[in-house]
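Participant: Predicted coordinates and the sequence they were generated for:
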Amino acid sequence: MSSGNGSLSDGVIKKIVLSYTYVAIWIFLSFTVIVYNKYILDRKMYNWPFPISLTMIHMTFCSSLAFILVKVLKLVEPVSMSREVYLSSVVPIGALYAFSLWLSNSAYIYLSVSFIQMLKALMPVAVYSIGVMFKKESFRGETMANMMSISFGVAIAAYGEAKFDAWGVTLQLGAVAFEATRLVMIQILLTSKGISFNPITSLYYVAPCCLVFLSIPWMIVEYPILRDSSSFHLDWFIFGTNSVCAFALNLAVFLLVGKTSALTMNVAGVVKDWLLIAFSWSVIKDTVTPINLFGYGLAFLGVGYYNHSKLQALKAKDAQKKTVQADDEQGRLLEERDGDGLGRRNDNQSD
């Protein structure tokens, strides 16, 4: 009996340790990619202010590696879909992803790491608003009031920002809008059709689309500057390790959500944001004001309440589903029992 309890305890401990390991890996990789991108793009650090080019390098690396894993090594099965579904569903999502990454990386040139994390707190507001617009979310006054509180907190953080840059804020808000639209479109265009990607197949199908859409602004905005800059030489170590980190982050997202839950990822994201704010202030020496922290604190409380509400809604939905399944099962048992009873009566009558 004691051995059974011991093995159960060991199993629970192992599960907890694994969950914390997945969280730690995701936080580390997400933290690394953000700081690494900031280092490359910031004019005061590595001084390579070409966000479209950096994003294209990431997409080229990720799509090439995904192609090798899917088509050459055949370690991952491709998703079965028609050309029509690919063009109508995957291509628009790829376009939204391309613009989201482009604008998000561009913001690192103008804004501090800490302030960007504060602006990213608006993601639930954007996802909910766009969800309501496309009728994937139902409008609720309580939820909208919560969204307003998050927005108010971010506005206070922006007011207290020591190095506020309007263009940088515009870029980051645009990135949030494109990313939120992409998340809603995944539900509408893919999930509703029963299509789901793991990180490898996602990169296999979406990354080439991103590359194509990014090449258009790249040819107009960055290619002429790079072409005329004879002093530029690609540092294979810097961009190679940066691309490996970006690819590993995609795998870590799948690992975290697949082995724990999306809610765990949201909570881990809050921890990561606070760590990045602390790192930005202590190591990069970005200015973080008390008003910054007060505003982000308000936004953080709003995001926490939103996540709590989503969790309660999911629990209620699961409980309702289990009740319906139990009622159906009980109904089937009653029908079988009534059928058996009727059969016995017929047999007795025939005798």
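Facilitator: Perfect, I can see it now.
Participant: just the helices in the stretch 201-350 of the chain please.
Facilitator: 223-228, 236-259, 262-282, 290-350 (DSSP state H, counting those that start in this stretch).
Participant: so can I have a markdown table of these showing mean pLDDT?
Facilitator: Listed next are the helices of the stretch 201-350 of the chain as a markdown table, based on pLDDT from 0 to 100:
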| stretch | mean pLDDT |
| --- | --- |
| helix 223-228 | 88 |
| helix 236-259 | 87 |
| helix 262-282 | 84 |
| helix 290-350 | 75 |
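Participant: quick one, which of the ones you listed is nearest to V72?
Facilitator: Minimum separation from V72 across the helices of the stretch 201-350 of the chain (Cβ to Cβ) falls at helix 236-259, 16.1 Å. Heads up, the C-betas are built off the backbone N, CA and C, glycines and all.
Participant: hang on, the earlier thing: now mean neighbour count and distance to V23 too, for the helices of the stretch 201-350 of the chain, in TSV please.
Facilitator: Output for these, formatted as TSV (neighbours: other Cβ atoms under 10 Å; distance: least, Cβ to Cβ, whole Å):
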stretch	mean neighbour count	distance to V23
helix 223-228	11	39
helix 236-259	17	7
helix 262-282	17	5
helix 290-350	13	15
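Participant: okay, those in JSON lines with distance to P51 next?
Facilitator: Below are the helices of the stretch 201-350 of the chain laid out as JSON lines (distance: least, Cβ to Cβ, whole Å):
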{"stretch": "helix 223-228", "distance to P51": "12"}
{"stretch": "helix 236-259", "distance to P51": "13"}
{"stretch": "helix 262-282", "distance to P51": "19"}
{"stretch": "helix 290-350", "distance to P51": "24"}
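Participant: do you know which of those helices lies nearest S151?
Facilitator: Here helix 290-350 is closest among these (Cβ to Cβ), at 8.0 Å.
Participant: rewinding a little: of all the helices of the stretch 201-350 of the chain, which one is nearest I27?
Facilitator: helix 262-282 (4.7 Å).
Participant: Who are the packing partners of that closest one?
Facilitator: helix 2-41, helix 113-119, helix 236-259, helix 290-350 (3 or more Cβ pairs under 8 Å, 6 or more residues apart in numbering; DSSP states H and E).
Participant: ok, 6 Å please
Facilitator: Judged by 3 or more Cβ pairs under 6 Å, 6 or more residues apart in numbering; DSSP states H and E, the packing partners of helix 262-282 are helix 2-41, helix 113-119.
Participant: re earlier: which stretch among the helices of the stretch 201-350 of the chain comes nearest K44?
Facilitator: helix 262-282 (13.3 Å).
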